[in-house]
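S.K.: here is a sequence with its predicted model. Questions after.
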Amino acid sequence: MKKIIKLPENVKIRILHTETGKYVAELIDYNVFTEADSLCELDFLINDLICVYFDVPKKMRKNIKYVLPEFKPNLLTSSSSCTNYQKYLLGKMIDGKIIWN
């Protein structure tokens, strides 16, 4: 029997930078957290947290990706790097989408 996975279309997260230098992401509606040493690592761990929390089988996890809202360069400086965008999101509630590849 094939397992049915029920993922929400949107997941609200909040990203914080702690006093110890770690980055923490909270899935707001589910009260679960993950932490990382860098924003790049945090991106991977947010996806892992979503897959683990919603019990997605390991063989299907590579097909699921949490996507941040569309980047709007005018919100930042002239630089449009991913790092600047991620730093801009610190402390804000982010309503991103879960997509299937």
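M.R.: Sure, I can see it. Here the structure is a predicted model, which means the values were calculated and not measured.

S.K.: helix, strand or coil for Tyr66?
M.R.: Counting by DSSP: H, G, I helix; E, B strand; the rest coil, the backbone at Tyr66 sits in strand.

S.K.: who's it bridged to?
M.R.: With DSSP bridges as the criterion, Tyr66 is bridged to Ile98.

S.K.: OK, contacts around the residue nearest in space to the middle of the chain?
M.R.: Centroid-nearest residue in the chain, with Cα atoms, centre = their mean: Ile46, separated by 4.2 Å. By Cβ atoms under 8 Å, 6 or more residues apart in numbering, the residues touching Ile46 are Ile13, Ala25, Thr34, Tyr66. (C-beta placed from N, C-alpha, C; glycine too.)

S.K.: what about it, which helix or strand?
M.R.: Secondary structure from DSSP states H and E places Ile46 in helix 39-53.

S.K.: now that helix: buried residues?
M.R.: Residues Leu39, Leu42, Asp43, Leu45, Ile46, Asn47, Leu49, Ile50, Cys51 are the ones in helix 39-53 that count as buried (16 or more other Cβ atoms under 10 Å).

S.K.: ok, Val67 - contacts?
M.R.: When contacts are counted by Cβ under 8 Å, 6+ apart, Val67 touches Gly96, Lys97, Ile98, Ile99.

S.K.: quick one: it from Trp100, how far?
M.R.: 11 Å (Cβ to Cβ, to the nearest Å).

S.K.: let me know the closest of the buried residues of helix 39-53 to Leu90.
M.R.: Each of the buried residues of helix 39-53 was checked against Leu90 using Cβ to Cβ; the closest is Leu39, at 8.7 Å.

S.K.: now the closest one: how far from Thr20?
M.R.: 15 Å.

S.K.: so Lys6, which of the three states?
M.R.: coil.

S.K.: how about the residue nearest to it when sequence neighbours are not counted, phi and psi?
M.R.: Computed as Cβ to Cβ, 6 or more residues apart in numbering, the closest residue to Lys6 that is not its neighbour in sequence is Phe54, at 7.1 Å. Phe54 has phi and psi values of phi -90, psi 10 when expressed as degrees, to the nearest 10.
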